[in-house]
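J.: No letters, just coordinates:
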């Protein structure tokens, strides 16, 4: 008597077009990663490399040292990187808080209310975001000179608010437009005022978008250089200005290794913050998209 063995089902072969699509996808991801992370990797390698080998083209870390980080915080040559870090945190934090408060209210009004000139207001906000910064340098410098604000924090905070506020409004307005307004109406029926319905119902739902906007606004404020270079002083200059004017032992040679070390110390906290909260950032950026 013969016993028949069960035949294993044939594994379907993957079409070559599907394989080609996967290869193109991974190749594109690899190119984007190399393009985006390549400069950061080289900056990190140079930061940990002995200053005598700054221009060594070896693609992996060699001649490792922490001297560059000590030089970055060394104040004997006129550098004050530690104070500049604190200034950047102060300027970025105040700018972010004020931009969020104004942006949340403006975005909610644009998304929820109907009033005359609504689209004109939206267009003005959009035009403000596209205005070239270099055109504002001379008027702002003259204005703040007349007010006696040159070298003070408000001379950098106020322009930064005007730069990040349009981005804040548009990110939050697109999110508020997609929220279920029935929840607000239900809260109004239960006796809540408009302000209570907004604060207790709608604002908590917008937390992912608010968190995302806060991170983007803070990064934009910290990265601003042109106006900060002209409107700040030695006691209020942010980290972008401080790093740009680093000086070393030889006044004729740029301390590239110390500059790279300072760049690593500025970038690492932002990278860690983005990695830790990437889900919130992605959900906040995509929440205002079209839903199927």
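T.: Perfect, I can see it now. None of these values were measured; they are calculated from a predicted model. Numbers count the residues shown, from 1 in each chain.
J.: Please count neighbours and contacts with C-alpha atoms only from this point.
T.: OK.
J.: got the buried residues for the helix or strand hosting residue 165?
T.: Assigned by DSSP states H and E, residue 165 belongs to helix 154-178. Buried residues in helix 154-178, counting neighbours by 16 or more other CA atoms under 10 Å, are found at 154-157, 159-161, 163-177.
J.: so what does that helix touch, helix or strand wise?
T.: helix 81-112, helix 118-129, helix 207-223, helix 226-231 (3 or more CA pairs under 8 Å, 6 or more residues apart in numbering; DSSP states H and E).
J.: same thing but at 6 Å, please
T.: With contacts defined as 3 or more CA pairs under 6 Å, 6 or more residues apart in numbering; DSSP states H and E, the packing partners of helix 154-178 are helix 81-112, helix 207-223.
J.: how far out from the middle of the chain is the helix or strand following it?
T.: Using DSSP H and E, the next helix or strand after helix 154-178 towards the C-terminus is helix 181-189. Chain-centre distance of helix 181-189: 34 Å, with CA atoms, centre = their mean, to the nearest Å.
J.: burial measure for residue 87, as a count.
T.: 19 (other CA atoms under 10 Å).
J.: Show the contacting residues for it.
T.: Neighbouring residues of residue 87 by CA atoms under 6 Å, 6 or more residues apart in numbering: 236, 238.
J.: Return the distance of the nearest residue to residue 232 once chain neighbours are set aside relative to residue 139.
T.: The shortest distance from residue 232 to any residue other than its chain neighbours is 4.2 Å, reached at residue 151 (CA to CA, 6 or more residues apart in numbering). As judged by CA to CA, to the nearest Å, residue 151 and residue 139 stand 16 Å apart.
J.: sorry, back to before: how about the secondary structure of the residue nearest to residue 232?
T.: coil (DSSP: H, G, I helix; E, B strand; the rest coil).
J.: Same question for stretch 72-80: list its buried residues.
T.: Buried residues in stretch 72-80 (16+ other CA under 10 Å): 72, 73, 74, 79, 80.
J.: so the first one makes contact with residue 258?
T.: Yes: at 5.2 Å, residue 72 and residue 258 qualify as touching, with contact defined as CA atoms under 6 Å.
J.: before we move on, back to that, comparing residue 151 and residue 139, which residue is more hemmed in?
T.: Between residue 151 and residue 139, counted using other CA under 10 Å, the more crowded position is residue 151 (20 against 10).
J.: In the stretch 151-292 of the chain, where is pLDDT below threshold?
T.: Within the stretch 151-292 of the chain, the segments meeting pLDDT under 70 span 248-252, 280-292.
J.: what's the angle between the helix holding residue 165 and helix 81-112?
T.: 40 degrees (axes from the mean of the first three to the mean of the last three CA atoms, to 10 degrees).
J.: Taking helix 207-223 as reference, get the angle to helix 154-178.
T.: Using the same axes, to 10 degrees: helix 154-178 against helix 207-223 is 160 degrees.
J.: Now do helix 154-178: distance to the chain's middle.
T.: How far helix 154-178 lies from its chain's middle: 13 Å, per CA atoms, centre = their mean.
J.: before we move on, what about stretch 84-98?
T.: 13 Å.
J.: One more: stretch 77-90?
T.: That offset, for stretch 77-90, works out to 20 Å (CA atoms, centre = their mean).
J.: just stretch 131-149 next, same as before
T.: In terms of CA atoms, centre = their mean, the gap separating the centre of stretch 131-149 from the centre of its chain is 24 Å.
J.: what does that stretch contact?
T.: Here stretch 131-149 has contacts from 150, 155, using CA under 6 Å, 6+ apart.
J.: thinking again about what came up before, of the helices and strands packed on helix 154-178, which is nearest residue 254?
T.: The closest of these to residue 254 is helix 81-112. By CA to CA, the value is 15.8 Å.
J.: what ranges of the stretch 1-150 of the chain fall below the confidence cut-off?
T.: 1-14.
J.: if we go to 80?
T.: 1-19, 77-78, 113-115, 126, 128-129, 131 (pLDDT under 80).
J.: can you list the domains in the chain?
T.: Per the record, the chain has its domains at 18-68, 76-245, by the TED database.
J.: Any chance of TSV for those domains, columns distance to residue 262?
T.: Shown next, in TSV, are the domains of the chain (distance: least, CA to CA, whole Å):
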stretch	distance to residue 262
domain 18-68	8
domain 76-245	7
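J.: Most tightly packed of those?
T.: domain 76-245 (a mean of 18; mean count of other CA atoms under 10 Å).
J.: Regarding that one, how distant is the last residue from the first?
T.: Taking CA to CA, domain 76-245 runs 14 Å from one end to the other.
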